[in-house]
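**Q** need coordinates for the below:
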Amino acid sequence: MTLTSAARPLGARSATARTAGSLTLGLALASALTAVAGSPAAADTTGGYENLILDDPERADEIYGYNEGRSQSDGTALGEDRAVQPGWRLVVPFDSGGEGVYEGRDPLCVVAVDQANAQGIAPPSPPPAPPAYTPPPENEPSASPSEDADASAGPSDRPKIDPRILIVGAVVLILLTLLTLFWQPVFKAIAWPFKKIAALPWRKPRKPRSARIAAAMRRRRAATESVISDPDAVHRAGGAHTDLLSAPAEIPARPVAILTTLDETTAIVPVGATPPASSWRVVGTTTWRYARGSTAPGPFNFATATHTVVRPMTAGVLACLGTLEDERTLVHVDLTRMRGLLAVGGDQRVASDTVRVIADALHSQGLTVRVLPSGRPLHSLIPETMPDLSAPDPIGGIEHSRERPLVVVVPRPLGTADEHVIGNIPPNTLVVAMGEAEVARWQWKADEDGSVDTGALGLRVVLRLPEHRS
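**A** Next up is the predicted model:
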């Protein structure tokens, strides 16, 4: 009799477990006895065989469950009587042992054993068992925490992020950083085109000419009232001007305009001038504020023997034109060093009033003023001289001279017949005329709204009304 052992759990007794294909771990084939005479008497039933092979009489039911209805070589099968015939192969549990017990897959191993027994050779040995599971050592140090984390996570556990999303996030982060650091210039650059579009003249409905003239007259009357209400402004401006001209400084200051209010006096000077240390403080690049009695905000080093120059008291020639746009700051333009042509273009009505205001201011300063009569050529008042090839500073003018200049007022626009005359103006002559000329020392522009752009001086003045003559 031959026994076959199957490796499977102890409690499996289902019908599927009794089939040959359901045995996954292995089978054991054993030729326990080949004849009835050579076998123990107790091995004629499953109870005897279980005692013989397993040494456990209580597992007869388990062996019966494996072999019930299983076809044997003689065509019979194990029945309810549990009688075992000689030459049968029985399937026994996986923990069976003893002589002639073989492990393998059923039924292939059964066929292989039958063939080996028929040929009189040794049955084939089963395949080697898979290696047992060996747990990793617990106390082995890891290379680094990051490597352990990567190894534990594995490729499948890592999040899959689109590189384009990372690039977009980096760009957004850079833009936010730049916006945080440079938000003021960025917003100014963004708002600049909108401001330009909003300032276009076609966006504002243009008022009728009569309404524009009336509005300009109201502004000019307000500027005139500001000048009349502060008669002491002329003296304050003259005192500040004299202080600038006579105070010692490394680079002498030549003011181009004095701005006065009831509370403060400000000077507009060329770039690079040095303010006197005792009475002026710097507000801007070309703006100084008069503060007599206070000290300068910072130390000024003067080499007394080399750089300090003490100049005599000089009477300046200031012309009060009007006010700034705020209608409270009076503007006194310094004409002390002005020689050559001062041309006022733009709106003829406002330009004519500008020439009259300048002429009145120069006449009040004691200068000789000649007005060109209507219909007379310009050369009738200006003698022909050799052309002056020197080019004084358009802002600072020429060096101060004690000789008072001759002022010629041209109350009409300049024409082509005047070009050869205005190009050869005598050195000590000041011509104030309407119109535009390339040879003008100062070129101003009068607007319809009653304001005058002083060009290189950088001031926009609301023109006062000229004085009424009796």
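**Q** C-alpha only now, for contacts and for neighbours.
**A** OK.
**Q** following element in sequence after the longest helix seen in the chain, please.
**A** Counting by DSSP state H, the longest helix found in the chain is helix 209-229. Scanning forward in sequence from helix 209-229 by DSSP states H and E, the next helix or strand is helix 233-246.
**Q** now do the buried residues in that next one.
**A** Neighbour-count burial for helix 233-246, with 16 or more other Cα atoms under 10 Å as criterion, is recorded at 233-234, 236-238, 240-246.
**Q** who are the packing partners of it?
**A** strand 257-260, strand 265-268 (3 or more Cα pairs under 8 Å, 6 or more residues apart in numbering; DSSP states H and E).
**Q** what about the helices in this protein?
**A** Here the chain has its helices, by DSSP H, at 46-53, 60-67, 108-119, 145-157, 163-181, 183-198, 209-229, 233-246, 348-364, 419-422.
**Q** those helices into CSV, with extra columns for distance to residue 437?
**A** Formatted as CSV, the helices of the chain follow (distance: least, Cα to Cα, whole Å):
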stretch, distance to residue 437
helix 46-53, 133
helix 60-67, 126
helix 108-119, 121
helix 145-157, 81
helix 163-181, 48
helix 183-198, 30
helix 209-229, 26
helix 233-246, 30
helix 348-364, 14
helix 419-422, 8
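**Q** rank those helices by pLDDT, which is bottom?
**A** The minimum mean pLDDT among those belongs to helix 145-157 (a mean of 54).
**Q** where does residue 336 land on pLDDT?
**A** 88.
**Q** from residue 366, how far off is it?
**A** When distance is defined by Cα to Cα, to the nearest Å, residue 336 is 12 Å away from residue 366.
**Q** which one of the two has more residues nearby?
**A** Remark: of residue 336 and residue 366, residue 336 carries more neighbours, 23 against 10, as counted by other Cα atoms under 10 Å.
**Q** what sits against the closest residue to that one other than its chain neighbours?
**A** Leaving aside its sequence neighbours, residue 336 sits nearest to residue 317 (Cα to Cα, 6 or more residues apart in numbering; 4.7 Å). Residue 317 makes contact with 334-336, 362, 365, according to Cα atoms under 8 Å, 6 or more residues apart in numbering.
**Q** send the alpha carbons of stretch 424-443 over as CSV?
**A** The C-alpha coordinates for stretch 424-443 follow below in CSV (Å, rounded to 0.1, in the frame of the first residue of the first chain):
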residue,chain,number,x,y,z
ASN,A,424,23.2,142.1,-32.4
ILE,A,425,21.9,143.5,-29.1
PRO,A,426,24.5,145.6,-27.3
PRO,A,427,26.0,144.0,-24.2
ASN,A,428,24.3,146.2,-21.6
THR,A,429,20.8,146.1,-23.1
LEU,A,430,17.8,144.1,-22.1
VAL,A,431,15.0,143.6,-24.7
VAL,A,432,11.6,142.4,-23.6
ALA,A,433,9.5,141.5,-26.5
MET,A,434,6.5,139.4,-27.6
GLY,A,435,7.0,136.3,-29.9
GLU,A,436,9.6,133.6,-30.2
ALA,A,437,13.2,133.7,-31.2
GLU,A,438,16.0,131.2,-31.3
VAL,A,439,18.6,133.8,-30.0
ALA,A,440,16.5,134.6,-26.9
ARG,A,441,18.3,134.2,-23.6
TRP,A,442,15.0,133.3,-21.9
GLN,A,443,12.0,132.0,-23.9
